[in-house]
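Chemist: Attaching a predicted model along with its sequence, questions to come.
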Amino acid sequence: MNIFHSCERAAELMSQALDEPLDLADQMRLRIHLKMCGNCQEVEKQMATLHALAPHLGLLDLDKNDDPDPPLAKTG
């Protein structure tokens with residue numbers, strides 16, 4: 001097995017890590033990849049933010065009366 005993961009595999013592991021613990025080998029490989037890959041560091045931050053906000057999505061008030069761009073009223 002390769003010591004370093006591809007970005008695609010790193011993203012899979014980041015997602016998996018949000019749901020369950022990674023084994024020690026995958027933890028280490030992911031850490032090494034993240035130390036070297038700025039793009040994956042950003043993806044990890046975004047995933048963590050989405051994971052933290054997801055439980056609150058059902059609490060948002062999406063009342064249609066608060067639409068910032070209401071449809072134009074028909075005249076005449």
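Modeler: Looks like it came in fine. Quantities reported herein were computed from a predicted structural model and do not represent experimental measurements.

Chemist: Show me the residue sitting in the middle of the protein in space.
Modeler: Computing the C-alpha centroid of the chain and ranking residues by Cα atoms, centre = their mean puts Met47 first, at 2.1 Å.

Chemist: any idea how far the helix or strand hosting that residue is from the chain center?
Modeler: Using DSSP states H and E, Met47 sits within helix 38-53. Chain-centre distance of helix 38-53: 5 Å, with Cα atoms, centre = their mean, to the nearest Å.

Chemist: Could you list every helix and strand in contact with that helix?
Modeler: With contacts defined as 3 or more Cβ pairs under 8 Å, 6 or more residues apart in numbering; DSSP states H and E, the packing partners of helix 38-53 are helix 7-19, helix 24-36. Where C-beta positions appear, they are placed from N, C-alpha and C, glycine not excepted.

Chemist: mind saving the C-alpha coords of it as PDB?
Modeler: Provided in PDB are the C-alpha atoms of helix 38-53 (Å, rounded to 0.1, in the frame of the first residue of the first chain):
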ATOM      1  CA  GLY A  38      -3.200  22.800   1.100                       C
ATOM      2  CA  ASN A  39      -6.300  22.000  -1.100                       C
ATOM      3  CA  CYS A  40      -7.200  19.100   1.100                       C
ATOM      4  CA  GLN A  41      -6.600  21.200   4.200                       C
ATOM      5  CA  GLU A  42      -9.300  23.500   2.900                       C
ATOM      6  CA  VAL A  43     -11.600  20.600   2.100                       C
ATOM      7  CA  GLU A  44     -11.200  19.300   5.600                       C
ATOM      8  CA  LYS A  45     -12.200  22.700   7.100                       C
ATOM      9  CA  GLN A  46     -15.200  22.900   4.800                       C
ATOM     10  CA  MET A  47     -16.300  19.400   5.700                       C
ATOM     11  CA  ALA A  48     -15.900  20.100   9.400                       C
ATOM     12  CA  THR A  49     -18.000  23.300   9.000                       C
ATOM     13  CA  LEU A  50     -20.800  21.500   7.100                       C
ATOM     14  CA  HIS A  51     -20.800  18.600   9.600                       C
ATOM     15  CA  ALA A  52     -21.100  21.100  12.500                       C
ATOM     16  CA  LEU A  53     -23.900  23.100  10.800                       C
END
